[in-house]
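Q: missing the sequence, but the structure's below:
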């Protein structure tokens, strides 16, 4: 765990025991309580599935990979050393499974949505009014679905490493530190990747969405 | 864009993430007031983050946990080492493979004819045989399952609970006595495993919980029970009951059951202790 060691050297703090809200459930599961595992799945299934969906761009793939991820967790929890939070470990497994799946599917395996012949207008980059809200009519909701599909397509077009960081940061809301731990990178590398990823995505969206 | 603009775009990301040092923040904000180009760029970047943040997060499908549990039951074997080495041995000796298939087929046929209902002693022996010899039992497990009419998909290995040893083989036996015969419906749960498992196994899914309660309930002694997602359908002479429990309520129920140490002995008792969804419909059998 190079990242962790570097952090220690820099801050000079001792390696404190990590506070993990899932610790108890894990202990119960390892002691033989299958229901504890079920609980873990229920608390994380949406997050894992959602991340898989955004990484892979396809619901069937997302479900398949999400299942495989939890099977890996089931088999490997006994080897989990607790030197990171369970959620960090789970995210790492998720990212790795998705990467492998992406390689297997080939970069163009994502499904592409239909073309957009009506770029949505905006001034000065104002597109906030176009994002979905409950009081929108059916037609507007359809437009929003189009927007979402477009955004997903553009995310799928990003480089793998850019897609990873932008989803972990802007979708999952994880800190630079956590992302660094998950991906096994230095925080500085994470920052610059996120910077690059956002610029890339902005450029892609600018062509078709922001006017 | 003035020359000053060169240094500011590099700050945008950290600014958006609230990671920019206060002095740099001030500098940036002052600059933005005077530079519409940079202001626009920053807004576009913010918007990009915004659209990603606001992407709807699709939830996992409702039977995700159930499907996962079935896969775990099917794939995670008690002694994977033995299984792997046995199959590898088999695959490299095709003649043995052919011979063992014949042996297995015949023994499955014979065993199927002579054994009346699952009995621990008898199946215990089979299980011992299964794990002591090498090639034959691995294939035997496979063939045994193939001989059963209800399996719809190929089975790799006997299902196993980490705790239960002897219950593995009999889990796939359909009892031959007529009164215990259960119709099997194919649902997302891999129903045959559920139906065949007539003895109290550790409860791990909502369906198992409901089925176990139904077994104990005197009202449902003669009912035909069909496992479904999250529960079961029970058909008595007078009515058809559709009983289900959500994953969250199932977890609470199992907590309660663990603390009490016993299962509720009727659907009625169960529904008082935890939340069940019960639908009652008139039976198609009554005139």
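A: Looks like it arrived, so ask away. Everything numeric in this text was worked out from a predicted model, so none of it was measured.

Q: Any residue of stretch B:46-65 touching chain A?
A: Yes. Using Cβ under 8 Å from any Cβ of the partner chain, stretch B:46-65 reaches chain A at B:47-61, B:64-65. In short, each C-beta sits where N, CA and C put it, glycine included.

Q: Average pLDDT for that stretch, rounded please.
A: The average pLDDT for stretch B:46-65 rounds to 90.

Q: Contacts only, for residue A:180.
A: Neighbouring residues of residue A:180 by Cβ atoms under 8 Å, 6 or more residues apart in numbering or on different chains: A:3, A:186-187, A:189-190.

Q: before we move on, back to that, now the buried members of the residues of stretch B:46-65 next to chain A.
A: For the residues of stretch B:46-65 next to chain A, a burial check counting by 16 or more other Cβ atoms under 10 Å in any protein chain shown picks out B:47-49, B:51-52, B:54-55, B:60-61, B:64-65.

Q: Surely residue B:280 forms part of a helix?
A: No. Residue B:280 sits outside any helix when classified using DSSP: H, G, I helix; E, B strand; the rest coil, being strand.

Q: show me the contacts for it.
A: Listed by Cβ under 8 Å, 6+ apart, the contact set of residue B:280 reads B:239-242.

Q: Other residues contacting the helix or strand that contains residue A:97?
A: Taking DSSP states H and E as the criterion, residue A:97 maps to helix A:86-105. With Cβ under 8 Å, 6+ apart as the test, helix A:86-105 has contacts from A:20, A:22-23, A:26, A:40, A:44, A:48, A:51-52, A:55-56, A:61, A:65, A:68-69, A:72-73, A:76, A:80, A:109, A:160, A:164, A:168, A:172, A:174, A:178, A:181-184.

Q: If you rank every helix and strand of chain A by mean pLDDT, what lands last?
A: Among the helical and strand segments of chain A, the one scoring lowest on mean pLDDT, DSSP states H and E is helix A:2-11, with a mean of 44.

Q: can you map out the helices along the chain?
A: As the question left the chain open, I've gone with chain A. Assigned by DSSP state H, the helices in chain A fall at A:2-11, A:23-30, A:34-56, A:59-76, A:86-105, A:138-157, A:160-166, A:176-183, A:187-208.

Q: nope, chain B please
A: So, for chain B - with DSSP H - the helices run B:9-16, B:22-34, B:36-53, B:64-75, B:80-92, B:94-114, B:120-132, B:135-147, B:167-170, B:191-196, B:206-216, B:247-260, B:267-273.

Q: List the buried residues in the fourth one.
A: If I follow you right, that is helix B:64-75. B:64-74.

Q: Switch those over to a markdown table; also include distance to residue B:203.
A: Below are these laid out as a markdown table (distance: Cβ to Cβ, whole Å):
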| residue | distance to residue B:203 |
| --- | --- |
| B:64 | 19 |
| B:65 | 14 |
| B:66 | 13 |
| B:67 | 17 |
| B:68 | 16 |
| B:69 | 11 |
| B:70 | 14 |
| B:71 | 18 |
| B:72 | 15 |
| B:73 | 13 |
| B:74 | 18 |
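
Q: wait, what's in contact with residue B:266?
A: Applying Cβ under 8 Å, 6+ apart to residue B:266 gives the contacts B:213, B:216-219.

Q: coming back round to it: mind putting the contacts of residue B:280 in TSV, neighbour count, pLDDT and distance to chain A included?
A: TSV is the format used below for the contacts of residue B:280 (neighbours: other Cβ atoms under 10 Å in any protein chain shown; pLDDT from 0 to 100; distance: Cβ to the nearest Cβ, whole Å):
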residue	neighbour count	pLDDT	distance to chain A
B:239	15	88	31
B:240	18	91	29
B:241	21	92	25
B:242	15	92	23
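
Q: so of those residues, which ones are in strands?
A: Judged by DSSP state E, strands contain the following of these: B:239-242.

Q: Looking at these, spot the one nearest residue B:261.
A: residue B:241 (26.5 Å; Cβ to Cβ).

Q: Is the closest one bridged to anything, and to what?
A: residue B:234, residue B:280 (DSSP bridges).

Q: Surely it and residue B:233 touch.
A: Yes. Residue B:241 sits in contact with residue B:233 when judged by Cβ atoms under 8 Å, with a separation of 6.9 Å.

Q: any weak-confidence spans in chain A?
A: Confidence mapping of chain A against pLDDT under 70 gives the ranges A:1-17, A:107-139, A:210-211.

Q: what do you get if the cut-off is 80, keeping everything else the same?
A: Low-confidence segments of chain A (pLDDT under 80): A:1-18, A:105-144, A:209-211.

Q: dump the residue contacts of residue B:274.
A: Per Cβ under 8 Å, 6+ apart, neighbours of residue B:274: B:245, B:249, B:252-253, B:256.

Q: now residue A:47
A: So residue A:47 contacts A:172, B:57 (Cβ under 8 Å, 6+ apart).
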